[in-house]
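Chemist: Sequence and predicted structure below; questions after.
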Amino acid sequence: MRVFVAVAERQHVTRAAEALNIAQSAASAAVAALEAAHGIKLFNRVGRGIELTEAGQRFLGEARAVLAQAEAAELTLAELGGLVRGVLSVQASQTIASYWLPRHLVAFRRAHPGIEIRLAVGNTAQVAAAVHDGLAELGFVEGAVEDGQLDSTTVATDQLVLVVPPDHPWVTAGAATPALTLQQAAAEGEWVLREPGSGTRSAFEAALAAAGIAPGSLRVALEMPSNEAVRAAVEAGMGATVISASVAVPSLEAGLLHQVPLALPERAFHVLRHRERQPSRAAEALLRLIAAA
């Protein structure tokens, strides 16, 4: 088709062949093959020259459009490879999406303004399912994920803290009061927690299990679907909770919550990727940026 367009535009096989850097015989053969394949004459041979037939004139516009579309497709591939244009689908659990990931996405967007980032939010189980099913290329979670199809890599750490309203009995004025233990907190507390499947709750329950405490023994007053809802419920005077320090800081600084000293483990933030899917240039670039930060 490229040969046909070149010949039609120049009305000359030799000049078309020179422009395409091919032999004249190859150009003639290409035109002849196109005509033979469809049983139609595209050129009239007039003397030593050629001219388009009516069919050739009509086909020229279509051929130019097809070649233009092919060039646009090639340009798209080149731009995607060079991070000029494209879409990166990311899903993250609530704590990460609200408090940790945004600054990295902003930095990525500044470095690659042509890449559109589509961010969805869910709990850890939902994020893992999205990456497994190909709905997201990268998933960022704080909970453990058991899925043989997914690779999990640590990208950051986070500290869990125990917080209560300021008038809670665990808020003591004197330093001489014995420190609260995890066993006491579990036995005495009334809890506001995220829903099962969330990374925050899974990390807290893992800490309880490591201390020999059955997570099911907690008195859970409320289960809430977001960190903000958990924080607001505790601020309103309902029990205690364990949440990310990054979630608690604004309320702690405002005096709406009090942090109770309690040894809680750090937890890791992980990025999930499907083992059998080739990562895009955009995904690799985002992970390099996070690693550098």
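Modeler: Yep, that arrived. The model shown is predicted, which means the values in this text are computed figures rather than measured ones. Residues are numbered from 1 along each chain as shown.

Chemist: make it CA atoms for all contacts and neighbour counts henceforth
Modeler: Fine.

Chemist: Now for the residue nearest to residue 55 when sequence neighbours are not counted, how many residues are close by?
Modeler: Take residue 55 and drop its neighbours on the chain: the residue closest to it by CA to CA, 6 or more residues apart in numbering is residue 42, 6.0 Å away. Residues near residue 42, counting by other CA atoms under 10 Å, number 22.

Chemist: what's residue 42 in contact with, if anything?
Modeler: By CA atoms under 8 Å, 6 or more residues apart in numbering, the contact list for residue 42 reads 35, 52, 53, 54, 55, 56, 57.

Chemist: just the buried members of those residues?
Modeler: Neighbour counting with 16 or more other CA atoms under 10 Å marks 35, 52, 56 as buried within the contacts of residue 42.

Chemist: Among the residues you listed, which ones are in helices?
Modeler: Within the buried ones among the contacts of residue 42, residues falling in helices by DSSP state H are 35, 56.

Chemist: need the buried ones among the contacts of residue 42 in CSV with pLDDT and distance to residue 277, can you?
Modeler: Formatted as CSV, those follow (pLDDT from 0 to 100; distance: CA to CA, whole Å):
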residue, pLDDT, distance to residue 277
35, 93, 43
52, 94, 49
56, 93, 45
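
Chemist: from the buried ones among the contacts of residue 42, which is closest to residue 275?
Modeler: The shortest gap between residue 275 and any of the buried ones among the contacts of residue 42 belongs to residue 35, at 48.0 Å (CA to CA).

Chemist: ok, the closest one to residue 52 distance?
Modeler: 12 Å (CA to CA, to the nearest Å).

Chemist: now do residue 32
Modeler: 14 Å.

Chemist: Also residue 143?
Modeler: Distance check for residue 143 against residue 52: by CA to CA, it reads 68 Å.

Chemist: Can you mark which positions in the helix or strand that contains residue 80 are buried?
Modeler: According to DSSP states H and E, residue 80 maps onto helix 54-81. The neighbour-count criterion (16+ other CA under 10 Å) identifies 56, 59, 60, 63, 64, 80 as the buried residues of helix 54-81.

Chemist: How about stretch 227-243?
Modeler: Applying 16+ other CA under 10 Å to stretch 227-243 flags 227, 230, 231, 233, 234, 235, 238, 239, 240, 241, 242, 243 as buried.

Chemist: Adding distance to residue 148 and pLDDT as columns, could you present these in TSV?
Modeler: Formatted as TSV, those follow (distance: CA to CA, whole Å; pLDDT from 0 to 100):
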residue	distance to residue 148	pLDDT
227	29	90
230	32	95
231	34	95
233	37	96
234	37	96
235	40	96
238	39	92
239	38	91
240	36	95
241	32	95
242	30	94
243	28	93
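
Chemist: Next step: the residues you listed restricted to helices.
Modeler: Using DSSP H, the subset of these located in helices is 227, 230, 231, 233, 234, 235.

Chemist: Can you give me the distance of the residue lying farthest from the centre of the chain to residue 172?
Modeler: Distance from the centre of the chain peaks at residue 47, with 63.7 Å (CA atoms, centre = their mean). Taking CA to CA as the measure, residue 47 falls 107 Å from residue 172.

Chemist: And the closest residue to residue 125 other than its chain neighbours, its phi and psi?
Modeler: If the residues on either side of it in the chain are set aside, residue 125 comes closest to residue 197, at 5.7 Å by CA to CA, 6+ apart. The phi/psi pair for residue 197 (degrees, to the nearest 10) reads phi 100, psi -20.

Chemist: contacting residues for residue 197?
Modeler: So residue 197 contacts 123, 124, 125 (CA under 8 Å, 6+ apart).

Chemist: quick one: it and residue 226, what's the gap?
Modeler: In this view, residue 197 and residue 226 are 12 Å apart by CA to CA.

Chemist: Please apply the same query to residue 120.
Modeler: For residue 120, the distance to residue 226 (CA to CA) stands at 14 Å.

Chemist: Next: residue 289.
Modeler: Counting by CA to CA, the gap from residue 289 to residue 226 is 28 Å.

Chemist: Could you check which of those two has the larger neighbour count?
Modeler: Ranked by neighbour count (other CA under 10 Å), residue 289 and residue 226 place residue 226 first, with 18 against 15.

Chemist: OK, contacts around that one?
Modeler: The contact partners of residue 226, by CA under 8 Å, 6+ apart, come to 94, 194.

Chemist: now do 7 Å
Modeler: By CA atoms under 7 Å, 6 or more residues apart in numbering, the residues touching residue 226 are residue 194.
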